[in-house]
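J.: quick one, structure for this:
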Amino acid sequence: MAKQPDSTSAGGLEIARLEAKDIDHAIKTIQLAFADDPFAGWIYDRSKFSPKRNHASLTIRMKWGMRNGHIYVAHTPEKRCAGIAMWVGPKPLSQKQTWDDWWQDWALWFRQLGMNARFGRGGLKVDRYYLWKQCQANMQSEVWTNPEGYWFCNILTIHPECQGKGIGKALMKVVFDQADTERVPCYLESSKFEPNVKIYEKMGFRFVKDIKCDDGEAACTLFSMIRDAPGQDAEDAEDVGKDAEDVAA
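T.: Here you go, the predicted model:
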């Protein structure tokens, strides 16, 4: 896997890897951008929501992501961490969990356990959280067909004051360039059909499937999208043609 750049800049916009000094700024942007998100409204009891607990949870995940993932932030002359993109790199679908992966997962779990002991659940609806994780796993097992895996963007968010300025596209391009070089597709899920699906389509994604997380009281729909690797569409068409020839034969 090619090494990604630590930072790029153009026209006053700097895209850089997340550093420890950026975490508080990044969390503020995430909390503001997700204030009216359907998924956040479904998985949290807003009357009991704790910004402190949420800050602690996001801090743990960002520190995990700095070691195990790929987190990029966008700085503008006016605002630090005007946007954040959090990615997990591709792994072959047949690859079993390594000991390091196993240890990192457990370390993350224990840190979250300590956080819960200190702050409580902060309005998190635990049953819905596990329902979401199961729905997500089911959807990915159905639509993830590339043997080499996918670049998975699990968060892309832009500060409300900085939206509509091309920051999201610039953030995504860092990984798009590497994914295209590696010929590996990208994947994401959104809890908003409008306007997110159209925005992501402009970035080269295509809508694949939606899945409803429904606990009998309320539901949240996730929309999965894939950005194919260069030449993948042509290869798929060629495979379809070969299948047709086989049927005709």
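
J.: what's the spacing between the nearest residue to Trp64 once chain neighbours are set aside and Tyr44?
T.: Excluding its sequence neighbours, the residue lying closest to Trp64 (C-beta to C-beta, 6 or more residues apart in numbering) is Leu108, at 5.1 Å. From N, CA and C alone the C-beta is placed, and that goes for glycine too. Distance of Leu108 to Tyr44, computed by C-beta to C-beta, to the nearest Å: 20 Å.

J.: more crowded one of those two?
T.: Between Leu108 and Tyr44, counting by other C-beta atoms under 10 Å, Tyr44 is the more crowded of the two (21 against 16).

J.: can you list phi and psi of the residue nearest the centre of the chain for me?
T.: What sits nearest the mean C-alpha location of the chain, by C-alpha atoms, centre = their mean, is Asn154, with 1.1 Å. Geometry field for Asn154 lists phi and psi as phi -100, psi -10, criterion degrees, to the nearest 10.

J.: longest helix in the chain, please.
T.: As assigned by DSSP state H, the longest helix anywhere in the chain is helix 99-119.

J.: so the helix or strand following that one versus helix 99-119, what angle?
T.: With elements assigned by DSSP states H and E, the helix or strand that comes after helix 99-119 is helix 126-143. Calculated by axes from the mean of the first three to the mean of the last three C-alpha atoms, to 10 degrees, helix 126-143 forms an angle of 160 degrees with helix 99-119.

J.: now Asp127: closest residue in space, sequence neighbours ignored.
T.: Closest to Asp127 by C-beta to C-beta, 6+ apart is Asp215, at 6.3 Å.

J.: count of residues packed around that neighbour?
T.: Other residues lying near Asp215 total 13 when counted by other C-beta under 10 Å.

J.: which SS class is the spatially closest residue to Arg118 that is not a sequence neighbour?
T.: Spatially, and ignoring its direct neighbours in sequence, Arg118 is nearest to Ala56 (7.4 Å; C-beta to C-beta, 6+ apart). Three-state assignment for Ala56 (DSSP: H, G, I helix; E, B strand; the rest coil): helix.

J.: right, and Ala56 touches Ala117 too?
T.: No - if you go by C-beta atoms under 8 Å, Ala56 and Ala117 don't touch, sitting 11.1 Å apart.

J.: which of these two has more neighbours?
T.: A direct count of neighbours by other C-beta under 10 Å for Ala56 and Ala117 places Ala56 higher, at 20 against 8.

J.: got the contact list for Phe205?
T.: Applying C-beta atoms under 8 Å, 6 or more residues apart in numbering to Phe205 gives the contacts 186, 188, 225-227.

J.: among the residues you listed, which one lies nearest to Lys21?
T.: The closest of the contacts of Phe205 to Lys21 turns out to be Leu188 (C-beta to C-beta; 27.0 Å).
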